[in-house]
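Asks: Give me a model of this one.
(2 chains)
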Amino acid sequence: MTFLILATIVLFVLAGIRVMSIAALSAELRNNRKDDVITDAENRSQGNMWVIFMIAFFAFCAWQLYAYGDKILPEAASAHGPAIDNLFYTTLALITVVFILTHIVLVYQTYKHAGKNGKRATYFAHSNKLELIWTVIPAVVLTGLIAYGLTVWNDVIYPGDKKASVIELYSKQFDWTARYAGKDNTLGRSDFRTIGEGNDLGLIEDSKSDDDVIVKGEFHLVKGEPVQFKFRSRDVIHSAFMPHFRAQMNCVPGMETNFEFTPTITTKEMREKLNNPKFNYVLMCNKICGAAHYNMQMDIIVESKEEHNKWLAEQKTWAQTKAVATQTASVIEQTNTTATSDK
Amino acid sequence: MSAMDSNNTHSEHEVQILHSAHDHSHGHDHAHDHDEEHEHHDTFITKYIFTQDHKMIAKQFLLTAVLMGVIAMLMSVVFRLQLAWPGKSFPILEPILGKWAPGGVLDPNFYLALVTIHGTIMVFFVLTGGLSGTFSNLLIPLQIGARDMASGFLNMLSFWFFAASSIVMLFSVTIESGPASGGWTIYPPLSALEQAMPGSGLGMTLWLVSMSLFIVSSLLGSLNYIVTIINLRTKGMSMTRLPLTIWAFLVTAMLGVLSFPVLFAAVLLLIFDRSFGTSFYLSDIYIGGQALEHNGGSPILYEHLFWFLGHPEVYIVLLPALGITSEVIATNARKPIFGYRAMIASILGIAFLSFIVWGHHMFITGMNPFLGSVFVFTTLLIAIPSAVKAFNYITTLWKGNLQFTPAMLFAIGLVSFFITGGVTGLILGDSALDINLHDTYFVVAHFHLVMGSAAIFGMFAGVYHWFPKMFGRLMNKKLGFAHFWLTFAGAYGVFFPMHFLGLAGVPRRYYTFTEFPIFNDLVDINVLITWFAIISAVSQIIFLFNFFFSIFRGQRSSQNPWKSNTLEWTTPVEHIHGNWPGEIPEVHRWAYDYSKPDREEDFVSQITPLTEKEIVEGAH
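Replies: As a prediction, the model looks like this:
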């Protein structure tokens, strides 16, 4: 932080000097008769500026990497995560080399060939050989990158045959609801026209939904067991983003989308790794959806099979929720009838 | 009455122009006399307001773009304040924004509105209307050797549609319910339903009206540019002698003509959904306590239509900037642009590919994953022509005699942004990596560098370089140096750190990150970015001062201040109707004979005939 403040102060001093010199310059404006010609001294100083700037810029990049490098790509907690990370770091290594080399070459030209009166440039209009080189090399490298990328993409999108348990993530402005498919591992059907009091997800009468479990606030996953997420949205497009699991899929009203992954690190293990007892995996909305878009979240708990079964048993199934609701409703109705008859 | 007279004179005049363009020996004296006579008829209104002169229209576009750019930039400073110091009160905001900043703290809805309008103005009004409008208008007739655009009248309409759309867009910011705030991509249903957010009411209607007007303006302009370039080139100006600026403008206009109508269709269907009860984009929606009647549509349809424009739009923004850069770099390196034909081929390659990559904006919409693979392939291919361009620019500098005019600095700055922002495209274009980076700050960093900063630097390069052609005076070079270095450092300072935010998983369009403990470590990046944003914004004062001061008080320019080869520098400094007082010069060579051996001067104007020796050597 101190470095930040210092850097800012330095920059401001520099900016201040510049701004102050404007006053002097504006006076000069009227007298300066050589605006079209850049003098040798100016060419030299601008050529040097490129070198100074590029050193400062590389230093800035290096400092950023030093300061924030450990915060990027938090450890992947899903089975496919490391494959994505490897692809990322491979690509990053490649583009970093390109970025650094091209900039060094670029700035070397500005330094070396800064204009001088009387000097003459070399008339060099084209070279088929050079152009062939820098068409073919990128083409070859890109072919490799495309092949590698598509392999990873296929592995992520079409994961193994192991049977995944189904969980629905239902989005609306501005919260998430998770629905477990229950013992039959099949979600009951739904229709948006039946949404109403006590039926937030618009479930319709369907025996398959009786064992579904609906939870809010947080949802739990089992380490090492694949989960097939099915996404729905009630109102606008949302996006279910779970950065630690390298998982994201849009939730689109009118259609169901899917994403499957296997968590590999429990919340407890991750807390120990990070030495942060408060850490939680999080599901966030990553498609602009309205005023509270920035706070549409749900915690994700990854745990062992035993812990998970225990937790799930504590939750009410849809059948139980309905029974309670019917009971409450009939109680209310009775109370109302009594109240009316009392009158 | 006098306005009508002058209109008549105009059409007569155009006939003369066409005549003289086709028949040089004839048109000459006639056109000349005509101009003298013409000056007489110009009233203030026909000269400065409803003008049909391409040079004046270019200036109108530029001034409008400068105004819009300043507004959009100030908007970004306001939302950057909120991001760096969330919830902190800035008393200065309340009197300006009123109920949108109660107690000096920005309202979340208005935060989204600012982000949306900032993006809309920058992409469409500054970098499309402003960039193409200014430089296509100014340079096409001057560099191809024509007396004006093919249709001065359509050109005038193009500007006034642009002005009208700008006014509607700015007006929308002032209305009670606030402007459009669903992001510049305005995905339905968010943008279609007033119940979803306040900005989707009247504000969105005005946005759609404004964009429709904008599309009309863009199409009128583009058709005119294409027709002019194809039909009105002077004698000897073959397609392979055109400066690369013109090639870039031509291809840009073609992209616009092919893709903007698709955006118009998307906008129109959205208007229908909003106002006439259709369901193109809407289905299964329960909002505001009721299930909507709309059923059977798909928001994904909108995304396909939008990005079918949206991706070519990136190149509509970028190609003119690259064209300007080619011209500025060659002139100031005092060298031919390296690989002229490869540059044309890469412009065409980029343009073609730009139509078949739109799906990379939609990898995680639930689109068929196989289709995703196809778009990965086409997207990464675009890196090849882009790499060719970058390498060719660098080679053009090699063994040059580099004149660091402010325009040259900005052009080289563009090359740097183009590389830095471009390489991260290899990451985002890879669907597997996009899963984790889609809609994060990594994307914000990527496109602000490769298309935002690069294109705006192209525009600055153009302004500094052709300011003498527009205003007959020069901008101050020392202020130009200061402007360049501060803006260059500022832009990198703003956008480079955003890569780290994105990789840490921070989503874009978040009012604040403080609701997520996992982002607590990153708060100071935001402070740093905001300081750089403020520095960049303040540096633009230098530019504005230099720009307006030099219009009136700058040093008078000579006819060809940069010792350039292209035709625009053969016209007199003073603007006249029809551009050349006499016959339009004939072109004998390409635009890039800088530092040609056997020549005394280090430049050879395009109007200089080839020598015997050159003909033998096969020069063109």
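Asks: what's residue 121 in contact with, if anything?
Replies: You didn't pick a chain, so chain A it is. Contacts here follow CB atoms under 8 Å, 6 or more residues apart in numbering or on different chains; on that basis residue A:121 touches A:113, B:333-335, B:399-401, B:594-595, B:602. The C-beta positions use only the backbone N, C-alpha and C, and glycine is treated the same way.
Asks: Chain B, not that one
Replies: By CB under 8 Å, 6+ apart, residue B:121 lies in contact with B:68-69, B:71-72, B:75, B:169.
Asks: Nearest residue to the residue of the stretch 251-400 of chain B found nearest chain A in space, please, no chain neighbours.
Replies: Of all residues in the stretch 251-400 of chain B, residue B:283 sits closest to chain A, at 3.0 Å by CB to the nearest CB. Excluding its sequence neighbours, the residue lying closest to residue B:283 (CB to CB, 6 or more residues apart in numbering or on different chains) is residue A:254, at 3.0 Å.
Asks: Pretty sure the one you found sits against residue B:298.
Replies: Yes - in terms of CB atoms under 8 Å, residue A:254 counts as a neighbour of residue B:298; the distance is 5.9 Å.
Asks: Common neighbours of these two, please.
Replies: With CB under 8 Å, 6+ apart, residue A:254 and residue B:298 have common neighbours residue B:283.
Asks: For residue A:298, what are phi and psi?
Replies: Per-residue torsions, residue A:298: phi -150, psi 140 (degrees, to the nearest 10).
Asks: So it is in contact with residue A:178, correct?
Replies: Yes - using CB under 8 Å, residue A:298 is in contact with residue A:178, at 7.2 Å.
Asks: need the strands for the stretch 51-200 of chain A, in chain order.
Replies: A:165-172, A:175-180 (DSSP state E, counting those that start in this stretch).
Asks: So which of the ones you listed is nearest chain B?
Replies: Nearest of the strands of the stretch 51-200 of chain A to chain B, taken as CB to the nearest CB: strand A:165-172 at 8.0 Å.
Asks: Enumerate the residues of the stretch 201-343 of chain A near chain B.
Replies: Within the stretch 201-343 of chain A, the residues that sit near chain B (CB under 8 Å from any CB of the partner chain) are A:202, A:231, A:234-237, A:239, A:241, A:243-244, A:246-250, A:252-258, A:278-280, A:282, A:284-295, A:297.
Asks: report the longest helix in the chain, please.
Replies: Using chain A here. When chain A is parsed with DSSP state H, its longest helix is helix A:81-112.
Asks: That was the other one, I meant chain B.
Replies: Taking DSSP H as the criterion, chain B has its longest helix at helix B:299-333.
Asks: what angle do it and helix A:81-112 make?
Replies: If you take axes from the mean of the first three to the mean of the last three CA atoms, to 10 degrees, helix B:299-333 sits at 20 degrees to helix A:81-112.
Asks: Buried residues, helix B:299-333. List them.
Replies: Residues B:299-300, B:302-333 are the ones in helix B:299-333 that count as buried (16 or more other CB atoms under 10 Å in any protein chain shown).
Asks: same question, stretch A:81-96
Replies: Across stretch A:81-96, burial judged by 16+ other CB under 10 Å covers A:81, A:83-85, A:87-88, A:91-92, A:94-95.
Asks: Quick one: those as CSV, columns for pLDDT too.
Replies: Compiled in CSV, the buried residues of stretch A:81-96 are given as follows (pLDDT from 0 to 100):
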residue, pLDDT
A:81, 96
A:83, 96
A:84, 97
A:85, 97
A:87, 97
A:88, 97
A:91, 97
A:92, 96
A:94, 96
A:95, 95
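Asks: can you list those in JSON lines and add distance to residue B:256?
Replies: Formatted as JSON lines, those follow (distance: CB to CB, whole Å):
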{"residue": "A:81", "distance to residue B:256": "42"}
{"residue": "A:83", "distance to residue B:256": "40"}
{"residue": "A:84", "distance to residue B:256": "37"}
{"residue": "A:85", "distance to residue B:256": "40"}
{"residue": "A:87", "distance to residue B:256": "35"}
{"residue": "A:88", "distance to residue B:256": "35"}
{"residue": "A:91", "distance to residue B:256": "32"}
{"residue": "A:92", "distance to residue B:256": "35"}
{"residue": "A:94", "distance to residue B:256": "34"}
{"residue": "A:95", "distance to residue B:256": "30"}
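Asks: Which ones, among these, also lie beside chain B?
Replies: A:83-84, A:87-88, A:91-92, A:94-95.
Asks: Name the nearest of these relative to residue B:153.
Replies: residue A:95 (48.5 Å; CB to CB).
Asks: shouldn't that closest one be in contact with residue B:424?
Replies: Yes - between residue A:95 and residue B:424 a contact is recorded at 6.9 Å, counting by CB under 8 Å.
Asks: Would you quantify the distance from the residue nearest to residue B:89 when sequence neighbours are not counted to residue A:326?
Replies: Nearest residue to residue B:89, sequence neighbours excluded (CB to CB, 6+ apart): residue B:104, at 3.8 Å. The gap separating residue B:104 from residue A:326 is 52 Å, by CB to CB, to the nearest Å.
Asks: Can you pick out the residue with more neighbours from the two?
Replies: Taking neighbours as other CB atoms under 10 Å in any protein chain shown, residue B:104 and residue A:326 compare with residue B:104 leading, 16 against 11.
Asks: so the more buried one sits right up against residue B:93, yeah?
Replies: Yes - counting by CB under 8 Å, residue B:104 does reach residue B:93; the two are 5.0 Å apart.
Asks: count of residues packed around residue 191?
Replies: This is for chain A. 11.
Asks: my bad, the chain I had in mind was chain B
Replies: There are 30 residues near residue B:191, going by other CB under 10 Å.
Asks: circling back: which ones among the buried residues of helix B:299-333 also lie next to chain A?
Replies: Applying CB under 8 Å from any CB to those, those adjacent to chain A are B:299-300, B:333.
Asks: Could I get the full set of helices for the stretch 1-150 of chain B?
Replies: Counting by DSSP state H, counting those that start in this stretch, the stretch 1-150 of chain B has helices at residues B:2-22, B:24-41, B:44, B:54-84, B:93-97, B:108-120, B:131-144.
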